[in-house]
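Engineer: just a sequence and a predicted model for now, questions to come.
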Amino acid sequence: MPVRNRFAEMMPELREWRHDFHAHPELQFECHRTAGIVAQKLRGFGCDQVVEGIGVTGVVALIHGCKGPGRVIGLRADMDALPIHEATGKPWASTHHGKMHACGHDGHTTMLLGAAQYLAETRNFAGTVAVIFQPAEEGGAGAKVMCEAGLMDRFAIEEVYGLHNRPGHPLGEFNIRPGPFYAACDEFRITLEGRGGHAAKPQEAIDPTLAASQLIVALQSIASRNADPVENIVLSVTGVRTDSTAFNVIPQRCELRGTIRTHDADLRKLAETRLREVAAGVAQTYGGQADIAFLHGYPVMENHPAQTEIARQVALEVSGQCLHAGFNMGGEDFAYMLLERPGAYIVLGAGNGPGLHHPEYDFNDEVMPYGCSWYVGIAEARLNAA
């Protein structure tokens, strides 16, 4: 079961679809145009049922096999773009200023559409494939919203599989690992309250910027001195802001914001606890106070072992290349679907080029036959199994 010849034949059409999606990016749940085109194409392919509006703008289509009833498996692709100004200069570059498909979701959507068309034509399986087109992966937890809307139960999905492209890895090389794969992603905002004053008279003020500078360094002790050295944790302070723009004013407050990434539930709790303790302690040391807002983001994405092996075998059959992946400190809301049902998530090498979330990134169209073939291979492998 190598790359299907049918997808080589479909490449002109697949490119056209992908370039159209790329030129018209939509953010989070505002995927109205994209979802409308997806639903229209799925109906044109002859899918047995097409349902729109699952999780605001999510689309689900069912394709029944010709070999009779059986289990239902889900295949998922994400549709949304990022709030980035595109700098590729491509003819199909974004037509919406400040929005672009910088993570390849235009390609993921296209690959699943191609697989859906093939599966609707061949139906060489027993049971049902549910193709899932999800909005708001980029920070909106669209997978969670779709699950809360009854995705799994409504369509009787028993297993679910997802795919992501990965630039910088050889074209067609798959990577996967069982268990924890993508990290839990939490965000924090620490507001240090001091006492503003004249910069020439610091003794009359409580300087929150001094406390903030010390806190930025102190927070790194969570990773270096509180976490087990063999565990994965990243704590990054990504922004500093005060309420003053003058050179001669000590501000009243200073705000830090950042993110914590972990792969272990206990370490995730420990990191939050220590962040609160360290921030409060540093603020008190310098005579101020700390107000801490902690936002729990996507959970750890954990692949189920049996389904991971199935995904790996299909990947090997498609391209002959499937390596054991390392941990990824990025977040992925497919984690919510894997909390609902067993399944697996795989990454697919896209060759050389700018990385994900870069303004010069563009999905490599040559990836599409591999991704389409993997989606189809998963469907046929799982729904033709004894």
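Structural biologist: It's in. Given the structure is predicted, the values throughout are model-derived calculations rather than measurements.
Engineer: only C-alpha atoms for contact and neighbour calcs from this point on.
Structural biologist: OK.
Engineer: could you find the closest non-adjacent residue to residue 198?
Structural biologist: residue 249 (5.0 Å; C-alpha to C-alpha, 6 or more residues apart in numbering).
Engineer: now do the contacts for the one you found.
Structural biologist: Neighbouring residues of residue 249 by C-alpha atoms under 8 Å, 6 or more residues apart in numbering: 196, 197, 198, 199.
Engineer: wait, the third one sits on residue 247?
Structural biologist: No - with contact defined as C-alpha atoms under 8 Å, residue 198 does not reach residue 247; the gap is 9.6 Å.
Engineer: just want to know which of the two has more residues nearby.
Structural biologist: Neighbours were counted for residue 198 and for residue 247 using other C-alpha atoms under 10 Å; residue 198 has more, 14 against 8.
Engineer: quick one: the helices in the protein?
Structural biologist: Secondary structure of the chain (DSSP state H): helices at 5-23, 32-45, 105-122, 142-148, 151-154, 208-218, 221, 265-285, 305-319, 334-340, 368-383.
Engineer: where does pLDDT dip in the stretch 251-386 of the chain?
Structural biologist: 386 (pLDDT under 70).
Engineer: next, name the residue at the spatial heart of this protein.
Structural biologist: Geometric centre of the chain, nearest residue: residue 332, 3.4 Å, by C-alpha atoms, centre = their mean.
Engineer: list the residues that contact that one.
Structural biologist: Counting by C-alpha under 8 Å, 6+ apart, residue 332 touches 137, 182, 183, 298, 301.
Engineer: try 7 Å
Structural biologist: When contacts are counted by C-alpha atoms under 7 Å, 6 or more residues apart in numbering, residue 332 touches 182, 298, 301.
Engineer: what's next to stretch 38-58, contact-wise?
Structural biologist: 29, 31-32, 35, 59-64, 117, 120, 133-135, 142, 145-146, 149.
Engineer: what number of residues lie near the closest residue to residue 227 other than its chain neighbours?
Structural biologist: Ranked by C-alpha to C-alpha, 6+ apart and with sequence neighbours excluded, the top spatial neighbour of residue 227 is residue 267, at 7.0 Å. Residue 267 is flanked by 19 other residues according to other C-alpha under 10 Å.
Engineer: again, but for residue 48
Structural biologist: Residue 48 is flanked by 13 other residues according to other C-alpha under 10 Å.
Engineer: ok, now the one 10 residues further on?
Structural biologist: Applying the criterion other C-alpha under 10 Å, we find 29 residues in the vicinity of residue 58.
Engineer: what does the pLDDT read for it?
Structural biologist: Confidence at residue 58, expressed as pLDDT, is 98.
Engineer: over to the one 3 residues further on?
Structural biologist: Predicted confidence (pLDDT) at residue 61: the value is 98.
Engineer: now residue 375: how far from residue 52?
Structural biologist: 21 Å (C-alpha to C-alpha, to the nearest Å).
Engineer: whoops, I mixed them up, residue 278
Structural biologist: Using C-alpha to C-alpha, we find residue 278 at a distance of 47 Å from residue 52.
Engineer: same check on residue 287?
Structural biologist: In this structure, residue 287 and residue 52 are 55 Å apart, going by C-alpha to C-alpha.
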